[in-house]
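In: below: sequence and its predicted model.
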Amino acid sequence: MRRSGIAILFTVAVLLAACGNSESDGAGSAEEAGGAVPGVSDDKIKVGGVASSTNPLGGRYGDAFAGAKAYLDIVNEGGGVDGRTIELVAEKDDSAAGSRNASQVRSLVQEDGVFAVLPVAVLSFAGASFLADEGVPTFGWNINTEWEGPPNLFGEKGSYLCFDCPAPFLPYVAQQAGRTKVGIIAYTAAQSQDCAAGQKASYEEYAEATGVELVFEDTSLGFGFAPGALDADLRAMQERGVQFLSTCIDGAGSARLGEAIQRAGLDIVQYLPNGYDQDLIDEFGGVLDGSYVSVFTVPFQAEQPPPSLERYLTAMEEAGTAVSENSLAGWINADLFVTGLRAVADSGDELTRERLIEAVNALEDYDAEGLLAGIDWRIAHEEQSDNICAGFVQVEGGEFVPALGEPGKPFICFDADEPDFDNPEIRA
């Protein structure tokens with residue numbers, strides 16, 4: 001089973017150590033009195049979710065509810081699935097606390113009586129083991145290693161994660177930017193350290209193939225650092241000729257870093273793992289200009305976007321909700337759930353949790369109607385596909401613009417075992 005990963009794309013929870021990750025055990029079960037399927041009636045299916053809507057990072061994680069609800073509203077307006085509408089009955093806020101996440105996940109199942117949990121957009125997924133043990137279909141934003149393994153937990157970009165494994169994307173981006181001397185900067189938090197380890201492994205694994213050399217590394221930065229904390233780093237980066245700096249820090253930290261780089265007069269391009277946030281660019285675009293950001297879907301700014309992206313953008317405008325990675329993740333969570341429901345209905349089988357899980361895990365190339373590069377759910381709980389893909393945008397003049405791909409073909413794809421940096425596959 002392949003254990004290489006694409007961890008550079010998915011590192012957001014740099015504060016998990018501060019938020020806590022205590023976990024309740026999986027004791028107790030969702031009762032199915034009289035053989036009834038929890039959360040399912042003749043005309044309705046109940047779902048509910050949890051997000052870190054209140055959080056110390058200022059993230060818009062609660063947007064996932066708006067994305068899921070907008071998608072489900074469209075489905076319900078069309079008559080639902082197999083004669084049943086889908087009702088989002090609970091939108092819980094775990095305040096980015098692991099213990100609260102565990103209790104609220106239990107509440108969704110045992111008190112709200114949901115059939116499935118969606119969306120989930122949390123910094124600490126302490127309730128994952130309970131949902132796995134209970135066999136509750138769960139759909140969410142995968143930035144937590146707890147998603148990996150259980151067959152009933154479905155992340156919006158697959159459930160497999162390996163934060164510290166090498167991947168070809170960062171060396172490729174640096175190469176394409178014409179930046180051969182690269183550096184890494186990260187916080188002391190464990191998740192940030194794992195991110196940095198993955199970036200270092202990526203540069204070292206593909207140094208010869210890309211001509212990129214890792215010349216600087218600092219993984220001792222404290223969260224909320226003062227600008228003066230960067231003085232020694234800036235001197236070292238200047239002395240070593242750093243041209244491209246990949247980070248494992250939050251968006252606000254990237255902005256402070258960008259300000260310091262600009263004041264020092266250095267020509268360094270940043271890679272921002274947590275930078276696909278228009279609010280961040282509106283406020284700090286001047287010091288982040290030229291930075292690259294990876295995206296797991298077709299970029300919002302894509303030329304020749306698929307109809308599914310246009311539907312999402314229209315729905316968010318009508319709902320008065322920000323276009324964001326989190327609202328799109330919620331939209332995709334709902335789409336995967338509905339895709340599974342329709343597969344069960346088409347089979348003629350009775351709807352149960354077990355049957356829904358089986359139906360989703362039979363999907364070989366799920367792409368959310370063109371929003372994703374494609375997920376093979378037969379393997380996506382425990383390993384990545386042979387062909388791995390990512391999209392990219394770049395900050396230019398206070399806006400995100402698609403980068404490295406082509407109109408209608410935003411994804412850069414590599415063979416996971418033997419990437420060809422001279423001829424990557426560029427596709428929709």
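Out: It's in. Numbers count the residues shown, from 1 in each chain.

In: tell me which stretches of the chain form strands.
Out: Secondary structure of the chain (DSSP state E): strands located at 44-51, 85-93, 116-121, 138-140, 153-155, 181-187, 213-221, 244-248, 269-271, 292-295, 387-396, 399-403, 411-415, 425-427.

In: can you tell me which of those is nearest to residue 279?
Out: strand 399-403 (12.0 Å; CB to CB). To be clear about C-beta, it is placed using only N, CA and C from the backbone, and glycine gets the same treatment.

In: what's the angle between the closest one and strand 387-396?
Out: Here strand 399-403 points in a direction 140 degrees away from that of strand 387-396 (axes from the mean of the first three to the mean of the last three CA atoms, to 10 degrees).

In: low-scoring stretches of the protein, by residue?
Out: Along the chain, segments meeting pLDDT under 70 span 1-35.

In: try it again with 90
Out: Flagging of the chain using pLDDT under 90 yields the residue ranges 1-35, 56-59, 144, 163-164, 190-191, 226-228, 273-275, 321-322.

In: now do the domain split for it, please.
Out: 7-162+308-360, 169-300+387-427 (automatic domain parsing).

In: ok, which of those domains comes nearest residue 380?
Out: Nearest to residue 380 among the domains of the chain is domain 7-162+308-360; the distance by CB to CB comes to 3.9 Å.

In: from the chain's centre, how far out is that closest one? Work that out for me.
Out: How far domain 7-162+308-360 lies from its chain's middle: 14 Å, per CA atoms, centre = their mean, to the nearest Å.

In: and residue 257, how many residues sit next to it?
Out: Per other CB atoms under 10 Å, the neighbour tally for residue 257 reads 25.

In: go on, residue 227?
Out: Residue 227 has 12 nearby residues by other CB under 10 Å.

In: please apply the same query to residue 280.
Out: For residue 280, using other CB under 10 Å, the count is 21.

In: same deal with residue 235?
Out: By other CB under 10 Å, the residues close to residue 235 number 11.

In: please name the residues that touch the spatially closest residue to residue 326 that is not a sequence neighbour.
Out: In space, and not counting its chain neighbours, residue 326 is closest to residue 63: 4.1 Å by CB to CB, 6 or more residues apart in numbering. By CB atoms under 8 Å, 6 or more residues apart in numbering, the residues touching residue 63 are 121, 321, 322, 324, 326, 327, 330.

In: let's see that with 7 Å instead.
Out: Residues in contact with residue 63 (CB atoms under 7 Å, 6 or more residues apart in numbering) are 321, 322, 324, 326, 327, 330.

In: again, but for residue 280
Out: The neighbours of residue 280, taking CB under 7 Å, 6+ apart as the test, are 251, 255.

In: mind checking how far it is from residue 187?
Out: 17 Å (CB to CB, to the nearest Å).

In: try residue 354
Out: Taking CB to CB, one finds residue 354 at 41 Å from residue 187.

In: counting neighbours, go ahead and name the busier of the two.
Out: A side-by-side neighbour count of residue 354 and residue 187, using other CB under 10 Å, places residue 187 first with 25 against 12.

In: bridged to that one, which residues?
Out: residue 221 (DSSP bridges).

In: mind listing what it touches?
Out: Residue 187 neighbours (CB under 7 Å, 6+ apart): 14, 221, 222, 223, 248, 249.

In: burial count for residue 407?
Out: Residue 407 has 10 neighbours, counted by other CB under 10 Å.

In: before we move on, what about residue 128?
Out: Residue 128 - counted by other CB under 10 Å - has 26 other residues nearby.

In: stretch 221-240: how far from the chain's middle?
Out: Taking mean C-alpha positions (CA atoms, centre = their mean), stretch 221-240 and its chain are 28 Å apart.

In: ok, now stretch 188-208?
Out: On CA atoms, centre = their mean, the centre of stretch 188-208 falls 18 Å from the chain's centre.

In: cool, stretch 187-198 as well?
Out: Relative to its chain's centre, stretch 187-198 lies at 17 Å (CA atoms, centre = their mean).

In: hmm, back to that, let me have the contacts of residue 187 in CSV, adding neighbour count and distance to residue 307 as columns.
Out: Below are these laid out as CSV (neighbours: other CB atoms under 10 Å; distance: CB to CB, whole Å):
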residue, neighbour count, distance to residue 307
14, 25, 35
221, 21, 43
222, 11, 46
223, 18, 41
248, 29, 36
249, 26, 36
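
In: taking these together, which two end up most distant?
Out: 222 and 248 (13.1 Å).

In: quick one, longest helix in the chain?
Out: In the chain, assigned by DSSP state H, the helix with the most residues is helix 325-347.

In: show me what counts as buried in that one.
Out: 325-341, 343-344 (16 or more other CB atoms under 10 Å).

In: equivalent analysis for stretch 373-386, please.
Out: 373, 374, 375, 376, 377, 379, 380, 381, 383, 384, 385.

In: so where do the helices sit in the stretch 151-300 of the chain?
Out: Using DSSP state H, counting those that start in this stretch, the helices of the stretch 151-300 of the chain run over 169-176, 190-205, 207-210, 231-240, 251-263, 278-288.
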